[in-house]
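Participant: Predicted model, plus sequence, below.
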Amino acid sequence: MTNSLFVSHHGDDLNNCGNWTMPCRTVRHAVKMSNDGDQIYIDYAQGRPYMECENLTQSTCSIELTKSVSFHGINGKAKIQCRKCYKIFNITSSSFKITRIKFLNLAISNSNTVAELDVGAKAELVFQNMLIRDNSYAIYSKNSIDCSIKIFNSSFEHNFNPTWGIYLRCVNLTVHINSSSFRITPLLFTNIANKPTRWKKTEILIQNTIFNGKKIKKCASMLTIMPFAAIFNVTISDSEFKNHFANCSSGQEDRLSTLQIYEDRENVRDITLIYFSNLIFENNYNNWATLLLSAGYLEYTEVNVLIRDSIFRNNSIALRVYSRYLGGSNSPAKWPTIILENNTFVENFYDKVKITGAAAITFKSVKSRVSSCRFLDNRSGQNPYIGVITIAERATVTFLNSYFENRQTAGQANQLFASGNKPVYFRGKNTFNLVALKKSQTVFIRVPPNSNTKVIMKKKFKIICPQGYKVNSQRECVNIKNAYMCLYITVQCEQCPTKTYTLERGKFIFNKSNDIQCQQCPRGGDCGSGLVTAKPNFWGFRTNMKIVFVQCPPGYCCDTEDCVTYDGCHGNRSGTLCGQCPEGMSESLFSTQCISNTECSFNYFFIIGTIAMLVLYLVFFLYHKEIVSIFRTSLFSKGLSFSINNRNEQRNNVSTGGNTSSPSGMIKIFFYYYQVCNLLRSSVGSFKKGQFIHNFENVISRVMNMVLVNLPSFKCPLKDLHAVPKAVILHSVGYCLLALLCLLYLISKLIPILRRLHHDGDARTALQDVTSTRSDNRSSASKSLFSQRVASAFTYISLLMYASSAKLCLSLLHCVQVGDNQVLFLDGNVKCYQTFQYFLLAYLISSILPFCLVPVFGSYHLKSGRIGVRQFCAACIFPLPFCCFWMYLLLKDCRSGNQETYNTIEENDNAVRSEQDNDETQSLGSEEITFTYSTESNENTSTGSESAILSVLLGPFKQHQAFMCFPSSHIPWEGFLVFRRLVLIILLTFVYDIQLRLFLALILCVAILICHTIAYPFQRKRYNVLESFSLGTHVVLCGSTLIKAIHYGEDYSSFSKSLPVLNVIENILIVAPLSIIMIVVIFSLAIKLVFGLKLCVSVLIRKVRGF
């Protein structure tokens, strides 16, 4: 009959203790009171431990277990503790009886040995829901007869004497472990070797168990099995072996593994059954194989060894496999087959000097079949005689449908080294896919010690080298039926030399290698390690087996020095030439970023900001004379300004015969300077710039080119915005300004008509007639002045917006060849020859190209009175028909020698001079402006508007003598200013080769500078000096940009150190003009403020003295 005894700290060790009301105080006394088969229940007692090794009176400290007893923790996991020098439980048994001990729901710690099986004992131990911690031995058995250990849902932690934590050495051994964990608790399972073995049995079953070394160095294997038995059966499944560090080297500890099955010689072995399934070996670092598997056999032994569905990751020497003949040195001809099936070996390594292993598997004296296994990123080490798989000595290995891959470049990656004297077979589909390598190296070696061995490969055998590598194979092979037999073979992946590349990967397939050639690195590409990547702002595409690079629009493509691919894009742009944003995203209006459509909305503040910018432009061009006058008076006092300007005027009168120059010269120099700077700076693409410099250059280039300026917080006003409509929106500022000017002009014409109709409807007296006449005169004068402003502003805007409109039109016609297609450079996903491009081509021919003739022919015919203001303004919109007509008139006058035309030109020269004098008078700060009105107000208005236009076109420039068909007049240099920008834009847009493009641009800039120095077209000397400086700066910028283009297009590393210096110089040239102006203005205002304060102080002092 089974009895229950209770143990609690509230009880006493009495002779009648053990029931609920009177429990025993110690486990030791409860065992003494128990009978065979009894159950002892131990109270948790709020975690208070039972100190079973205190106040001992008997000669031994161990609790002797000679009968079957079970221990149960109740109300929690009861704790039992002892001293390190004592053993807690000592288990013995009689000759014919098995002692069965169960430990359930307990925590036992701090002892020398938790449970020791005595010599000759027959015992069955069960550990269920246990915590065994901080003991020297958890279980110990040295010479027991029958040992049966069952461990379920238990945890063994930090049980470690100098070698083992669980040591079982029994004649017959049965171990069942399920759902448990062993942390820093090495295990040894073995049999007694010197006993008769015919009836010995070793059976080990481990499931769902974790063996964890916690990355703490311990010189012991984690699990060691050494059988000496007739029947050897080991099954381990669904378990993990990880974080075992046992890289020791001292005596017998030299061969330490995570899991080790080691066979020694014995006389009897009927069955050898080893089955490993779904195991994980991870992060183990030993001086021997992580899994050392030895399968022992005799001639009659039934052998089944299988490792399947397991993962070996980041281990040193993952697996070592061999079979051991237990009968002596002369093994039978037929060897057992060890099967490896569907296993994965990942990132394992070999870092030893000795030639004794491999990163993944070492085969030694074994017959093995490797089926459907994967070998990924394993490192074979520096020794050339070691591979990811090493086949040594008498090993016959068959690979079936296995896959080898290497992407790592940290170490060598020789996949196979076979030097044994047995054949190696590759059957089915076996692939060696080398995606990346550290350097050129041998990846497959078969070097037999004699001529009788071989490697046999079936047709689906492949070795594929990385991109940028070619195959170099040396072999002695013959073709046999459906196979390729090699006595010797070495396959090497050889990297392409520097500045060469190859797109095709070197391949060795069955018995042939593709003879690929390394090609020279293309311009725009960076070829290192046999690969080709894009240089900043280049985009490449494949054509046949070559890469061709084209330059991207600024900010589209990869703009760093370490582009990963040849077709990389900036941000999340994609497509041909990185010309589009992904679906559901829109282009930012002011950058090349892609923004989600959810963040895009048409905001009224955007409209208000755009209108405000247009109004500012209109105010500047309508009142530029007054603005210049205010600017001058802010720099100097009136008296100083008068004296300086008078002296300049007298000097100019002497040199130019009484003509004075228009203030438009400075505006043109300033605008044209920044327009050309922007063209040159954007021709190479983006590069690293400071945030301030980037923002400053971005704003000033947009303002000077009449492009929509970046408005904060309004980056995406429209959803699904693409590159083409975005460019049209940005460059529409000039056209909007011209439309607004026409609207203002129509309003100015409509108001007097409405006023006149209003007055005609009322009866007017004589006094009202007089008053009305005076009002009409004042209105006519005001109308005449406003018409002149509108005409002048229209001319200015037409001239200054030319670069923007020409660039827009040419960019939408600029196509590049990408493969077999012509695509739009601005958006590579748009194929060329669209309908809108034909309209643009017509606009280019009719408006953009002939516009440079408008200032030349228009100025002559305006002075001659042959054309009016309206015709000139219409010619600014559609130049071609008007230029043809004007040329006809000019040739007609030239052939007839019309003297009347010359006289009219002279009169209009006087009118231009009068207009300039008025400008100069205003700039000198005069407060009285006198206008003379005639009864023919329309004629005067027309004459004034013509003079305003001529002042813009010819005012800044000096006189020239009559030549050919052109009479004596001011130099029509404005046409040359327009023409040189047109040529520069065409050159920078359509010349394909970037270096040739910038070289031609440099020649053009030098030619423009030479033309200017020869002509010196401006009347004022300082304007000629400023223009010379401006054009010289363009030459410097173009030269700097050419150096960058050479650096980005070719591998000229000598330029790399000079690039920052060039960037600094360019930044200075961009920032300096405006910075100097701002400094002068601030300095002048500061001087005025000082003098004003001084005047105030002196006035105050005089008033004080007056009192």
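Facilitator: Nice, thanks for sending it over.
Participant: Run a quick check on Lys79 versus Asn110, I expect a contact.
Facilitator: No - Lys79 sits out of contact with Asn110 when judged by CB atoms under 8 Å, with a separation of 9.8 Å. (C-beta placed from N, C-alpha, C; glycine too.)
Participant: What strands flank the strand ranked longest in the chain, and is each parallel or antiparallel?
Facilitator: Secondary structure of the chain per DSSP state E: the longest strand is strand 137-152. For strand 137-152, the paired strands and their directions (DSSP bridges) read strand 113-117 (parallel), strand 122-128 (parallel), strand 166-178 (parallel).
Participant: what's the average pLDDT for the shortest one?
Facilitator: In this model, strand 113-117 has an average pLDDT of 92.
Participant: Rebuild the strands paired with strand 137-152 as TSV, extending it with mean neighbour count and distance to Asn401.
Facilitator: Below are the strands paired with strand 137-152 laid out as TSV (neighbours: other CB atoms under 10 Å; distance: least, CB to CB, whole Å):
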stretch	mean neighbour count	distance to Asn401
strand 113-117	27	48
strand 122-128	22	43
strand 166-178	22	33
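Participant: Could you dump these into CSV and include distance to Arg789?
Facilitator: Below are the strands paired with strand 137-152 laid out as CSV (distance: least, CB to CB, whole Å):
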stretch, distance to Arg789
strand 113-117, 105
strand 122-128, 102
strand 166-178, 97
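Participant: ok, now which ones touch the closest residue to Leu503 other than its chain neighbours?
Facilitator: Nearest-residue entry for Leu503: Met545, 5.3 Å, with adjacent residues in sequence omitted and distances by CB to CB, 6 or more residues apart in numbering. With CB atoms under 8 Å, 6 or more residues apart in numbering as the criterion, the residues that contact Met545 are Thr502, Leu503, Glu504, Gln519.
Participant: From Leu340, how far out is Met545?
Facilitator: Going from Met545 to Leu340 by CB to CB, to the nearest Å gives 39 Å.
Participant: Tell me which helix or strand in this protein has the weakest average pLDDT.
Facilitator: Ranked by mean pLDDT, DSSP states H and E, the weakest helix or strand in the chain is helix 638-656, scoring a mean of 41.
Participant: shaky segments in the stretch 701-850 of the chain?
Facilitator: In the predicted model, the stretch 701-850 of the chain carries pLDDT under 70 at residues 711-714, 759-783.
Participant: hang on, I meant the stretch 401-550 of the chain
Facilitator: Counting by pLDDT under 70, the ranges of the stretch 401-550 of the chain that qualify are 450-452.
Participant: show me where it has helices.
Facilitator: Using DSSP state H, counting those that start in this stretch, the stretch 401-550 of the chain contains no helices.
Participant: still on that earlier bit, and the furthest pair within the contacts of Met545?
Facilitator: Farthest apart among the contacts of Met545 by CB to CB are Glu504 and Gln519. That separation is 10.0 Å.
Participant: Comparing those two, which shows the higher neighbour count?
Facilitator: Using other CB atoms under 10 Å as the criterion, Glu504 and Gln519 rank with Gln519 on top: 17 against 14.
Participant: Just to be sure, Ile386 is in a strand?
Facilitator: No - Ile386 is assigned coil when assessed by DSSP: H, G, I helix; E, B strand; the rest coil, not a strand.
Participant: wait, it sits on Gln415?
Facilitator: No - counting by CB under 8 Å, Ile386 does not reach Gln415; the two are 11.1 Å apart.
Participant: Tell me where the model's unsure across the stretch 51-200 of the chain.
Facilitator: Scanning the stretch 51-200 of the chain for pLDDT under 70 picks out 55-60, 195-198.
Participant: Distance check, Asn105 against Lys79.
Facilitator: 11 Å.
Participant: re the thing from before, mind listing what's buried along the longest strand of the chain?
Facilitator: 137-141, 144-152 (16 or more other CB atoms under 10 Å).
Participant: how about CSV for those residues, with distance to Pro448 added?
Facilitator: Shown next, in CSV, are the buried residues of strand 137-152 (distance: CB to CB, whole Å):
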residue, distance to Pro448
Tyr137, 49
Ala138, 49
Ile139, 49
Tyr140, 49
Ser141, 48
Ser144, 49
Ile145, 50
Asp146, 49
Cys147, 47
Ser148, 49
Ile149, 47
Lys150, 50
Ile151, 48
Phe152, 51
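Participant: re the thing from before, where do the contact lists of Ile386 and Gln415 overlap?
Facilitator: Ser380.
Participant: mind listing the helices for the stretch 601-750 of the chain?
Facilitator: If DSSP H, counting those that start in this stretch is used as the criterion, the helices of the stretch 601-750 of the chain fall at 604-622, 624-635, 638-656, 664-681, 691-704, 723-730, 733-760.
Participant: Any idea which of the ones you listed gets closest to Asn472?
Facilitator: Closest to Asn472 of the helices of the stretch 601-750 of the chain, according to CB to CB: helix 723-730, at 46.8 Å.
Participant: Please name the nearest non-neighbouring residue to Trp886.
Facilitator: Once flanking residues are discounted, Trp886 sits nearest to Phe857: 3.9 Å by CB to CB, 6+ apart.
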